[in-house]
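Engineer: A structural model of the following input is requested.
(chains A, B, C and D)
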Amino acid sequence: MNIHEYQARDIFRRHGLPVPEGRVATTAAAAVEHAAALGVPVMVKAQVLTGGRGKAGGVKFCPTLDDVRRQAGAILGMDIKGHRVGQVLVTPAADIAAEFYLGMLVDRRTRRPILIASAAGGVDIEEVARTAPEKIIQRQIDPRYGLLDHEALAVGLALAAGDLGRARQLAAALQKLYVAFMGADASLAEVNPFIFTPQGQGLAIDAKINLDDNALERHPEYEALRDLEAEDASERAAREAGLSFVKLDGNVGCLVNGAGLAMATMDLVQYYGGMPANFLDIGGSSNPEKVVKALSIILADANVEVILFNIFGGITRCDDVAAGIIEATRRLDIRVPIVVRLTGTNEQEARRLLAGTSLVPAETMDEAVKKALELTATKPKNK
Amino acid sequence: MNIHEYQARDIFRRHGLPVPEGRVATTAAAAVEHAAALGVPVMVKAQVLTGGRGKAGGVKFCPTLDDVRRQAGAILGMDIKGHRVGQVLVTPAADIAAEFYLGMLVDRRTRRPILIASAAGGVDIEEVARTAPEKIIQRQIDPRYGLLDHEALAVGLALAAGDLGRARQLAAALQKLYVAFMGADASLAEVNPFIFTPQGQGLAIDAKINLDDNALERHPEYEALRDLEAEDASERAAREAGLSFVKLDGNVGCLVNGAGLAMATMDLVQYYGGMPANFLDIGGSSNPEKVVKALSIILADANVEVILFNIFGGITRCDDVAAGIIEATRRLDIRVPIVVRLTGTNEQEARRLLAGTSLVPAETMDEAVKKALELTATKPKNK
Amino acid sequence: MAIFCGAGTKVLVQGITGRDGSFHAKSMLDYGTRIVAGVTPGKGGQTFADKVPVFDTAAEAVAATGAEASVIFVPPAAAAGAVCEAADAGIKFVVCITEGVPVRDMLKVMPYLQERGVRLLGPNCPGLVVPGQTKLGIMPTSIVKPGAVGVVSRSGTLTYEVVHQLTQAGLGQSTCLGIGGDPVIGTDFLDALAAFADDAQTRALVLIGEIGGDAEERAAQFIRANLKIPVVAFIAGRTAPPGKRMGHAGAIVSGGAGTAADKEKALAAAGIPVAARPVEIVPKLREIWRDA
Amino acid sequence: MAIFCGAGTKVLVQGITGRDGSFHAKSMLDYGTRIVAGVTPGKGGQTFADKVPVFDTAAEAVAATGAEASVIFVPPAAAAGAVCEAADAGIKFVVCITEGVPVRDMLKVMPYLQERGVRLLGPNCPGLVVPGQTKLGIMPTSIVKPGAVGVVSRSGTLTYEVVHQLTQAGLGQSTCLGIGGDPVIGTDFLDALAAFADDAQTRALVLIGEIGGDAEERAAQFIRANLKIPVVAFIAGRTAPPGKRMGHAGAIVSGGAGTAADKEKALAAAGIPVAARPVEIVPKLREIWRDA
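Structural biologist: A predicted model of the protein is given here:
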């Protein structure tokens, strides 16, 4: 789960990172009020769940309240990579003597938390990684001990090129960032840039945290951080139904058991020239309720012209699943054709059940996808 | 540093242990008020920095407010092992179906935190250790991982004799107790008893925490927990002066550099039939200020009939120390004799300095102690 | 022969009396898995399926039965704890089926296992089947057949799909292994490939990857450097949009890294044929493996 | 010969530019200790006492000089961190002089050192002297003399008192070792005794204990079981009241355990003469050691 910058700033602040004050506004008038309270100059920053705000014009330096009014007005409502800006963060603008990148993430390879830091801060770190990898410091962290004092200080000294005051502040910030990262159950925590003012004060100017979806249960407070407006209505409905779902732009609605098979099914739709309308893993269940919910979420998408079930019955029996699908389709008013591929345990029994329905049976994934595409209005050229 | 039960309860409560509500009173009237607010029956418990309150009559079950008034009145002002009771804790009395002992301490041998638990709770654990050691469970804790779920549950199951509900509550309490123990920088943390009500609810009825004096600096909040009234005035003055000092009952005031040598000096005083008035380690310093402070603390004790300096000059030069002592004695109006033994680096120069004063020089520890005892009014029989 | 376990392996099931645990324990027993003990706290002393003794703790179970491997079916919040319990009890091979385990929990478990020399498979994985010998996990055994092809995959049902096709084509399997879809897993492609490289029975390999991370890229390098047997690969998730989680927590393409195209390129560069569709795997294998 | 270090040992001093660090580093240099590097963050590039290079980190110092042992003079809050830094840099023998280190910090340091095979002496200790060879710590060298008596002690100045008496009596020392007065220390009596047992130069031992814990009791058992050389002991703190901290954090008698009487009884039961006063140590040694 991604959260907004202002929410990540709160988490960092609670962990002792030096985060400047900031207030969130949903109108230009409120932004001006906040700026007046904080004192200009301020930065006005779009709060959207995507990167590249700066390049899109979503982050502005405002020396006067008039600037705040104009810029906040321009940014609110802006579309950044498909995300509508509904909120801006107003925060005092600081003079910048130096900028650093500080980040923590999970290193799959070593199965450890990893610290990423660079003296080339304030820019896209992936860009730095591509163009000047020697400017990036990486250090694995042993979760049994956390980020130890000497480890943090060594990174601080390397970043600050011998400036002990900066090195100690960077080291302290890294240690707090690590504690925040682990404590928040984050999959990514970064400060970019961490700046020093000309007076030598270190400040965490920009904050980003991605949360581990698997850990949301033990952080009940995170539910309040979820930006329901930024979330697609169908994705929210799926999440609330406990379904793993991602909305896409095509016309073939896909219901598959298992994430890998679901991806492979989407890929096959595309392979045959079609476009999937979604990713959906219905799990191993033959529960009609879950199938009803999944179908109604997919059918709410007006683009969907055909439904494709791809079920590999393993432990789950195919006839159970078929019965669930049949019952679910009966309870909904469905006006698009449904192709069903059921393979594995009790496959023959399942096919007999489907024979009495308008559901279109298929034996293999490839056959199912081809049949589904033939049933769309805009038939693709078959390969 | 030892703290009161009610303070330890607060620390445990913050760490999620199930501690019943409780209020502190310094008068019987306030105790009655608290009991009325909490609802009788209540326990009224003397808050003193020593064990054995129960046996001394400092813990009473009070079914009525009249009982509270009478018992609180009796307990307040009571003397328990030399500690005057200034406060009582009033807390709801719980019905007890079973009692357990839960404790955490530092195991010097394995250099690890160690869990001590017993189903024989509610009594002195040292007594259980002596009479029924098989009833005590010990488990080392790896501080890299903390007390893991399965470790805690195994202890819980062993304590609760197969009662899963109790086992899980005991396991959770042990894990919280461990976090409290480490988080508080405690050298001892114990709950005795941890009880279950007949309804199956686990409660931490009694709380004890000893804090690591070396860690007080990083817990500034602990200063407020210090019971200045319970502390001896001279010990407080010494603590504030940064001196390691313990008040004793004898008449020979001892000023020694180094803790081991200070203990050995006290032992030698006793060996020759005398009684030390104190333990005092003045460290390696020849700073006259520190010597003045130490002397004035010792001289505040009317029992002191003679002062004994025992200084082993190693890195510190003896002549420096002698000069410090001479200056300090000049600045104070001292009416008792002072024996000074200075050995080690620049010992001869030191002796020359002392020759011009009324300070009594000695070459060895034994000589110094014997001379000091000869100068007391109540001379011991020499060995 | 097989990797990680075999017909003789004595197996413990943690969470044996739960809904999933009991269902799959029965299924394993049916396939012939030598389940010697189960664990459910508070149910010590019971007997599962009329023959498997249930214990309160893994330590008691191992002490009483000599269990060597464990399969874990407990809720996500308790899964990491169960892995540590098994390791602490002396189990040397732990299969964690549980889905939804917080990544932080796994980060903390890893050094604990390393210190004790324990191999973990999973979490969030279907486990493994050694066809004709044993099953530790939840894979359907109706689709497997003893043979010479090793299968290693980050996926569940997609693996079944591929194994099914292999079996239908008459290509039996040495071991079918699902390593799991999470970002932090105990046994990764490299560990599995190294084990297959040492297994005389395995004479060809199918590797089923998916988007996210760089496990497939590293696997490609490892295969080129260390494996002498033919390998065919498949990568799921070509059509996945960046930044979205595709069911598996590990299946997120971030910042242009971890795409299917990257992985397919790395595999191709290592000389490993990549099937565009699952159905192409068997033909590709036949192209490069004369025994198929 | 000696224990733990010798004339050739290359020594790093952490906190070399501080008040205590610089004073004692000079004193060590004067005695001939081979100090090859110092560490003070932010002072890398400086030179100490015209000959010792100072580095920002222990890792740099070890890389540049091959330092094998370290002596730590940093404030209590930074001491545990400095020990870890030394261990992480590859130092195998760390002497921590710092007094007042929180016990929790030391609890966390211990496994870190164990994983890296590092011996720690201290904290809150005077270090050690190998008379005529080297000194790692703060012991006054004017009172020592090369010889055959090993001295191991939980105390500082009390050790000097005893060593002084040995030297005055003509009994030189192989190694004088202060293990420190804290509850959690890196090298305890048993470790020191085991090292002395393997040291051919050491032909008699003086053990100076104090109240608190059961280190002396365990030492008594160890000596009876493993040491063939004569040993005399002394215990400080007979007159200490229970529950009070006697300067050393470890010197608290709690609940009747750890008293001087307990310790003296255990030593006597192991056949080890216990001196009632420091001045009796030399005579007692002469009673049981024909070489004295």
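
Engineer: quick one: stretch C:11-25 near chain A?
Structural biologist: Yes. Residues of stretch C:11-25 contacting chain A under C-beta under 8 Å from any C-beta of the partner chain: C:23-24. Any C-beta I mention is one placed from the backbone N, CA and C, and that applies to glycine too.

Engineer: er, stretch C:192-199 I mean
Structural biologist: No. On the criterion C-beta under 8 Å from any C-beta, stretch C:192-199 is out of touch with chain A, staying 14.4 Å away.

Engineer: retrieve the pLDDT associated with the residue of chain C found nearest chain D.
Structural biologist: Nearest to chain D, among the residues of chain C, is C:Glu115, at 8.7 Å (C-beta to the nearest C-beta). On pLDDT, C:Glu115 comes in at 96.

Engineer: equivalent analysis for A:Arg317, please.
Structural biologist: We note a pLDDT of 78 for A:Arg317 in this prediction.

Engineer: give me the number of residues near it?
Structural biologist: Neighbour count of A:Arg317, defined by other C-beta atoms under 10 Å in any protein chain shown: 18.

Engineer: ok, residue 52 - contacts?
Structural biologist: With no chain named, the answer covers chain A. A:80-81 (C-beta atoms under 8 Å, 6 or more residues apart in numbering or on different chains).

Engineer: could you do chain C instead?
Structural biologist: C:13, C:16, C:25, C:29, C:35-38.

Engineer: hmm, 10 Å instead?
Structural biologist: Shown in contact with C:Val52 (C-beta atoms under 10 Å, 6 or more residues apart in numbering or on different chains): C:11-13, C:16, C:25-26, C:29, C:35-38, C:46, C:61, C:65.

Engineer: cool, C:Ser22 as well?
Structural biologist: Taking C-beta under 10 Å, 6+ apart, one finds C:13, C:15-16, C:38, C:40, C:48-49, C:73 in contact with C:Ser22.

Engineer: need the residues of the stretch 51-200 of chain A near chain D, please.
Structural biologist: A:142, A:144-146, A:148-154, A:156-158, A:162-165, A:167-168, A:171 (C-beta under 10 Å from any C-beta of the partner chain).

Engineer: so C:Lys135, which state does it fall into?
Structural biologist: Secondary structure state of C:Lys135, per DSSP: H, G, I helix; E, B strand; the rest coil, is strand.

Engineer: that one and B:Glu363: what is the separation?
Structural biologist: Per C-beta to C-beta, to the nearest Å, C:Lys135 is found 85 Å from B:Glu363.

Engineer: out of these two, which sits in the busier spot?
Structural biologist: Set C:Lys135 next to B:Glu363 and count neighbours by other C-beta under 10 Å: C:Lys135 wins out with 27 against 12.

Engineer: closest to D:Gly156 out of the contacts of C:Val52?
Structural biologist: Closest to D:Gly156 out of the contacts of C:Val52 is C:Ala61 (52.1 Å), distances taken as C-beta to C-beta.

Engineer: count of residues packed around the closest one?
Structural biologist: C:Ala61 - counted by other C-beta under 10 Å - has 29 other residues nearby.

Engineer: contact partners for it?
Structural biologist: C:12-14, C:16, C:36-39, C:44, C:52-55, C:67, C:70, C:85-86, C:89, C:91.

Engineer: also C:Gly172?
Structural biologist: C:131-132, C:144-149, C:163, C:166, C:201.

Engineer: cool, C:Lys92 as well?
Structural biologist: Contacts here follow C-beta under 10 Å, 6+ apart; on that basis C:Lys92 touches C:4, C:68-70, C:86, C:113, C:116-119.

Engineer: do A:Ala30 as well
Structural biologist: A:Ala30 neighbours (C-beta under 10 Å, 6+ apart): A:23-24, A:72, A:76, A:87-88, A:90.

Engineer: alpha carbons of the strand or helix carrying it, in CSV - could you do that?
Structural biologist: In this assignment (DSSP states H and E), A:Ala30 forms part of helix A:28-38. Extracted in CSV, the C-alpha atoms of helix A:28-38 (Å, rounded to 0.1, in the frame of the first residue of the first chain):
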residue,chain,number,x,y,z
ALA,A,28,-6.2,27.2,-2.6
ALA,A,29,-7.7,29.4,0.1
ALA,A,30,-6.7,26.9,2.8
ALA,A,31,-3.2,26.6,1.3
VAL,A,32,-2.9,30.4,1.6
GLU,A,33,-4.1,30.3,5.2
HIS,A,34,-1.5,27.6,6.0
ALA,A,35,1.3,29.5,4.2
ALA,A,36,0.4,32.6,6.2
ALA,A,37,0.6,30.6,9.4
LEU,A,38,3.9,29.0,8.5
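
Engineer: now the helices for the stretch 51-200 of chain C?
Structural biologist: C:58-65, C:76-89, C:103-116, C:157-168, C:189-197 (DSSP state H, counting those that start in this stretch).

Engineer: out of these, flag the one nearest A:Ile80.
Structural biologist: Judging the helices of the stretch 51-200 of chain C by C-beta to C-beta, what sits closest to A:Ile80 is helix C:103-116, at 28.4 Å.

Engineer: who does the closest one touch, helix- and strand-wise?
Structural biologist: strand A:98-107, strand A:112-118, helix A:164-183, strand A:186-196, helix C:76-89, strand C:93-96, strand C:119-121, helix D:103-116 (3 or more C-beta pairs under 10 Å, 6 or more residues apart in numbering or on different chains; DSSP states H and E).

Engineer: what about residue 233, neighbour count?
Structural biologist: In the absence of a named chain, this looks at chain A. There are 11 residues near A:Ala233, going by other C-beta under 10 Å.

Engineer: hmm, no, I was thinking of chain C.
Structural biologist: Neighbours of C:Ala233 using other C-beta under 10 Å come to 25.

Engineer: run through the bridge partners of it.
Structural biologist: C:Leu207, C:Val274 (DSSP bridges).

Engineer: just checking, it touches C:Ala269?
Structural biologist: No. Using C-beta atoms under 10 Å, C:Ala233 is not in contact with C:Ala269, being 12.0 Å away.

Engineer: now the phi/psi pair for A:Asp333, please.
Structural biologist: Main-chain dihedrals, A:Asp333, degrees, to the nearest 10: phi -90, psi 100.

Engineer: low-confidence ranges in the chain?
Structural biologist: I'll assume chain A. A:284-286, A:315, A:378-383 (pLDDT under 70).

Engineer: you answered for a different chain; I wanted chain C.
Structural biologist: C:1, C:247-257.

Engineer: just to revisit the earlier point, which of the contacts of A:Ala30 tops the neighbour count?
Structural biologist: A:Val88 (32 neighbours).

Engineer: and the two most separated of the contacts of C:Gly172?
Structural biologist: Using C-beta to C-beta, the contacts of C:Gly172 reach their maximum pairwise distance at C:Val163 and C:Gln201, which is 15.9 Å.

Engineer: more neighbours, the two?
Structural biologist: C:Val163 (27 against 18).

Engineer: that one contacts C:Val151, doesn't it?
Structural biologist: Yes. Counting by C-beta under 10 Å, C:Val163 touches C:Val151, with 5.8 Å between them.

Engineer: okay, how far is it across stretch A:245-257, tip to tip?
Structural biologist: 12 Å (C-alpha to C-alpha, to the nearest Å).

Engineer: circling back: any shared contact partners between C:Ala233 and C:Ala269?
Structural biologist: By C-beta under 10 Å, 6+ apart, the residues touching both C:Ala233 and C:Ala269 are C:Ala220.

Engineer: chain C - how does it break down into domains?
Structural biologist: The record's domain split for chain C, according to automatic domain parsing, is C:11-121, C:143-288.
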